[in-house]
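**Student:** Predicted model and sequence below, questions to follow.
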Amino acid sequence: MSSLSRELVFLILQFLDEEKFKETVHKLEQESGFYFNMKHFEDLVQGGEWDEVERYLSGFTKVEDNRYSMKIFFEIRKQKYLEALDRHDRAKAVEILVKDLKVFASFNEELFKEITQLLTLENFRQNEQLSKYGDTKSARNIMLLELKKLIEANPLFRDKLNFPPFKASRLRTLINQSLNWQHQLCKNPRPNPDIKTLFTDHSCAAPTNGARAPPPANGPLVGSIPKSAGFPPMGAHAPFQPVVSPSPNAIAGWMTNANPSLPHAAVAPGPPGLIQAPNTAAFLKHPRTPTSAPGIDYQSADSEHLMKRMRVGQPDEVSFSGASHPANMYTQEDLPKQVSRTLNQGSNVMSLDFHPVQQTILLVGTNVGDIAVWEVGSRERIAHKTFKVWDIGSCTLPLQASLMKDAAISVNRCLWSPDGTILGVAFSKHIVQTYTFVPNGDLRQQAEIDAHIGGVNDIAFSHPNKTLSIITCGDDKLIKVWDAQTGQKQYTFEGHETPVYSVCPHYKESIQFIFSTAIDGKIKAWLYDCLGSRVDYDAPGHWCTTMAYSADGTRLFSCGTSKEGDSHLVEWNETEGAIKRTYNGFRKRSLGVVQFDTTRNRFLAAGDEFLVKFWDMDNNNILTTTDCDGGLPASPRLRFNREGSLLAVTTSDNGIKILANTDGQRLLRMLESRAFDGSRGPPQQINTKPPIVALGPVSNVSSPIAVNAERPDRILPAVSTSGLAPMDPSRTPDVKPRITDESEKVKTWKLADIVDNGHLRALHLTDTDTNPSKVVRLLYTNNGIALLALGSNAVHKLWKWQRGDRNPSGKVKSKLKGHQKKITGLAFSQSMNVLVSSGADAQLCVWSIDGWEKKKSRYIQPPANRPGTLVGDTRVQFHNDQTHLLWSPRDALPAPISSAIYSCDGLLVYAAFCDGAIGVFEAESLRLRCRIAPSAYIPPSILACAGRVYPLVVAAHPMEPNQIALGMSDGKVHVVEPLDGDPKWGTAPPQDNGVHPAISAAPSAATNQASDQPTR
């Protein structure tokens, strides 16, 4: 074989190794006899694969070639013989003696007889020369050292122990140069030639009418349009994808690119015969793509410049330098398994995502269309938005029809942009919305996209054009890419035959691409060129599957569940598009689609069987599990924060549990300490805010309060846990929160008390009636743009800010009898399929909607410190979770409640009192959050002339949780909301920080019922 042919074999060996065709590499090494891979030989010997050891050696030498070769084969067969004796497998030992060792009898008959006599011994170690024989592993290592010395001394192995030191991806470079040369010879060179095959020479076809126009110059995969004299580097247009398996560093190996990978495994530095460093194998297993290789920037490199570099031989490729991944030193203790926080969202959580920069900020989306942002360190919900269409007029007719048919909507996915400044929300009907996130926790509307017909099943962020884009997929079988700032559509990808379930964008070097999965189990991959899918593979389970890369982008995983409930968590071989590893641990059929996440380039976690299960990425078997102290659904959703110190897990009671490891607990304590200490600091005069005051026990929420303090703005701490790894004793010790006595804790919470009309916005609705009657009922229309009031004289009044909806009429279906006194309140629960009624007899009745029979009834008992019975008008309203009930008495308390209602998001309770005050309470705990005095919203002229004027009814805006309307006893209607500078009513009272201000008579706006009835 000529020297050039021999070099071609080395090029092919390098190519196969870069593509990870390991078995083929070693087979070609053996058959060609050009390169003896010592590392491979060591692995075979240490694994005791004796047949493969001799088969590999046979490509380089035979037993009778020379004395070195004879000694090599003798030592291998002797070791195999001794191991059979050590296992007491005498039949196998006799077979080895007759077939393998007898060949050496002609050279040394005495040695052969001595070996044969070992069969007569109970333990061959009784032989004096073998008395120091240890265990099998140590014996193999000792023999391996001897074999390496013999191989290095054997002249037949000369010049075969070192791989030639040429540059990475050399074969690809030669093909690229050939394509450039062929393109130069074209009669009609095209700016962006489309190479379909390597089997024939390239030639650009003459342009014809109706031909496809080349992609635009600013396309994400094209870069600048090359001149006709040069051919763009191989890989930009996937020229030979159908023929040659691509590099593992190019578009996951399933899209074509000539990115450099690694030379052959044996180019590791060091003298011949030494064992390779352990990290070399790890590096070859998970290669990192060199980032400084100028010759493979295929998307942006100018072809003419590339041709010049090829001609002058400019070094544009990266040779193997022995670099490797740092060793993973993680243990199970690094997994977040300790429950450190429990958050109550109030409705079923559908999606979670930690902020990429602020490690304790958690984004949550729910089944009722709400999104919330939590600071998990302080347990504070710092932002909350209910679903609403921002501009219904610009929506498509299918969306408008869908919302008219069924207004229920759910969040399918919510997530942060890579820098955390923008968040995106995908809904179960057509829409994607994006918000900008500011450090004080405010969410500002940015873009609303009518993205798909049907549900939007997944979204993701990417930077295909160096600007932020948002990728969506939906029930209409399409994948679309939009400008995240403006909502303008950039790309549409068609090819799936069923609804698209998930998307996973990624990039290798400068190649941007998208993986997508559909509910038929198909996996496809797309470049940003609208030229169709590049791959078509089947996911295990053939149903709902999600995909994710490890944090360093070198390993690809997927997790999915079949229609029968069989779940699969696998790692993919990107080169071959085949499953590389399947993780065990899904013993039972899953009750839902299993969700998973990755962290630290080391661990995987999935929610299944009411547990969180963990795996080491390099081990098929399950590592450990945790039940998070119970309360998990069958298939909980979960999400790691960026550094893997926290794990958010959904619960079956509409909550979230935050699991932490040691670093995560330290981070949470740090933030908790900062929040506690910050509340003790001096007031800051930043903006004009509602006055606040520190309270002791409060006898009545309606009592006037003197105020003079200001509430400082809340600024979220941008805390990184990168420095919170195990600390040495010389570093600063952990800062723990200061816990003081109960009286001091009370002083840290300040109640907002609004007494001045400059501290809120109030709208007094005009009324032409010269003799108005008191308002007894008040409600917003569904779209929140009109108010309907019912006066005590049976007159309805409607105030509209713009055109309102027509109100449907109803008919009396049946009469329900059960109350002894007049009925004063009604509330439906769709989820429980019941109607709850309340009356002046302080009785609650639960009626079945199906047959209108009475299921339950219960008399409300007064608090222990309130003698007598509860009488008078009462009101009931269901929380938006449709299971909790708000019941408010009117006439039984010293400071009577005239009306109470939930906010539209269910987080607040607004209570109006007969002295004109308004109390804003936390819905979960009924702790007082803010007090609004009558002087803040009633004009002084009315207070001076009308005497006792107070709200009879309170109505909550259906979309704005902090806006209410008040129907007054004098017939007036006022709309009240906080100022723009402070969009919330006061601050949330602390959850677990000692004694709170007492709320006695007036705030008793709700009561808990027995477990067999709707509560609160």
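**Tutor:** That came in fine, so what should we check first?
**Student:** Contact partners for the residue lying closest to Q332 once chain neighbours are set aside?
**Tutor:** Nearest non-adjacent residue to Q332, counting by C-beta to C-beta, 6 or more residues apart in numbering: T624, 5.7 Å away. Using the backbone N, CA and C atoms, a C-beta is placed for each residue, glycine as well. T624 sits next to Q332, L335, K337, K613, F614 when contact means C-beta atoms under 8 Å, 6 or more residues apart in numbering.
**Student:** For PyMOL, write the select line for the buried members of those residues.
**Tutor:** Selecting only the buried entries of these in PyMOL, with 16 or more other C-beta atoms under 10 Å as the criterion:
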select buried, resi 335+337+613+614
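**Student:** right, and the pair among the contacts of T624 with maximum separation?
**Tutor:** Q332 and K613 (12.8 Å; C-beta to C-beta).
**Student:** Provide the partner residues of the residue nearest to Q332 in its beta bridges.
**Tutor:** F614 (DSSP bridges).
**Student:** ok, so what distance separates it from R602?
**Tutor:** T624 sits 13 Å away from R602, taking C-beta to C-beta, to the nearest Å as the criterion.
**Student:** Repeat that for G560.
**Tutor:** Counting by C-beta to C-beta, the gap from G560 to R602 is 22 Å.
**Student:** neighbour-wise, which of those two wins?
**Tutor:** G560 (27 against 18; other C-beta atoms under 10 Å).
**Student:** Pretty sure that one sits against V593.
**Tutor:** Yes. With contact defined as C-beta atoms under 8 Å, G560 and V593 form a contacting pair (7.3 Å).
**Student:** Now the common contact residues for those two.
**Tutor:** Common contact partners of G560 and V593 (C-beta under 8 Å, 6+ apart): W543, C544.
**Student:** How many neighbouring residues does L185 have?
**Tutor:** For L185, using other C-beta under 10 Å, the count is 10.
**Student:** For L171, see how far away it is.
**Tutor:** Counting by C-beta to C-beta - L185 and L171 are separated by 22 Å.
**Student:** same question, L908
**Tutor:** 67 Å.
**Student:** what's the answer for G758, then?
**Tutor:** 77 Å.
**Student:** Who has more neighbours out of these two?
**Tutor:** Neighbour count, other C-beta under 10 Å: between G758 and L171, L171 has more, with 18 against 11.
**Student:** tell me the contacts of that one?
**Tutor:** L11, I12, Q14, F15.
**Student:** A helix includes the first one, no?
**Tutor:** Yes. Going by DSSP: H, G, I helix; E, B strand; the rest coil, the assignment for L11 places it inside a helix.
**Student:** Could you check how far the nearest residue to it once chain neighbours are set aside is from I12?
**Tutor:** By the measure of C-beta to C-beta, 6+ apart, the closest residue to L11 outside its immediate chain neighbours is L171, 4.4 Å from it. Noted for L171: a distance of 7 Å to I12, by C-beta to C-beta.
**Student:** Export the contacts of T624 as JSON lines, with columns for distance to A426 and pLDDT.
**Tutor:** JSON lines is the format used below for those (distance: C-beta to C-beta, whole Å; pLDDT from 0 to 100):
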{"residue": "Q332", "distance to A426": "35", "pLDDT": "77"}
{"residue": "L335", "distance to A426": "30", "pLDDT": "92"}
{"residue": "K337", "distance to A426": "30", "pLDDT": "92"}
{"residue": "K613", "distance to A426": "27", "pLDDT": "94"}
{"residue": "F614", "distance to A426": "28", "pLDDT": "95"}
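**Student:** Among the contacts of L171, which one has the most neighbours?
**Tutor:** Counting neighbours by other C-beta under 10 Å, the top entry in the contacts of L171 is Q14, with 27 neighbours.
**Student:** Now F15. Its backbone dihedrals?
**Tutor:** For F15, the backbone dihedrals are phi -60, psi -50 (criterion: degrees, to the nearest 10).
**Student:** looking at it, it is touching R172, isn't it?
**Tutor:** Yes. Contact criterion C-beta under 8 Å: F15 and R172 qualify, at 7.5 Å.
**Student:** Give me the neighbour count for D201.
**Tutor:** 12.
**Student:** can you pull the pLDDT of it?
**Tutor:** Listed pLDDT for D201 reads 85.
**Student:** same thing with P704?
**Tutor:** For P704, the pLDDT comes out at 42.
**Student:** Past the helix ranked longest in the chain, which element shows up next along the chain?
**Tutor:** Longest helix of the chain, by residue count under DSSP state H: helix 67-86. Counting by DSSP states H and E, the element after helix 67-86 in chain order, helix or strand, is helix 90-96.
**Student:** what's next to the helix or strand just after that next one, contact-wise?
**Tutor:** Downstream of helix 90-96, the first helix or strand assigned by DSSP H and E is helix 109-117. With C-beta under 8 Å, 6+ apart as the test, helix 109-117 has contacts from K78, Y81, L97, L101, K102, F104, A105, N127.
**Student:** Apply 6 Å and report the result again.
**Tutor:** A105 (C-beta atoms under 6 Å, 6 or more residues apart in numbering).
**Student:** okay, the angle between it and helix 67-86?
**Tutor:** Between helix 109-117 and helix 67-86, the angle comes out at 20 degrees (axes from the mean of the first three to the mean of the last three C-alpha atoms, to 10 degrees).
**Student:** what about helix 109-117, average pLDDT?
**Tutor:** In this model, helix 109-117 has a mean pLDDT of 89.
**Student:** chain center to that helix: distance?
**Tutor:** 67 Å (C-alpha atoms, centre = their mean, to the nearest Å).
**Student:** CA atoms only for it, dumped as CSV, please.
**Tutor:** Taking Å, rounded to 0.1, in the frame of the first residue of the first chain, the C-alpha atoms of helix 109-117 are listed here in CSV:
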residue,chain,number,x,y,z
GLU,A,109,8.6,-28.7,27.5
GLU,A,110,9.5,-28.4,31.2
LEU,A,111,7.5,-25.3,31.6
PHE,A,112,4.5,-26.9,30.0
LYS,A,113,4.7,-29.9,32.4
GLU,A,114,4.9,-27.5,35.4
ILE,A,115,1.8,-25.7,34.2
THR,A,116,0.0,-29.0,33.7
GLN,A,117,0.8,-30.1,37.3
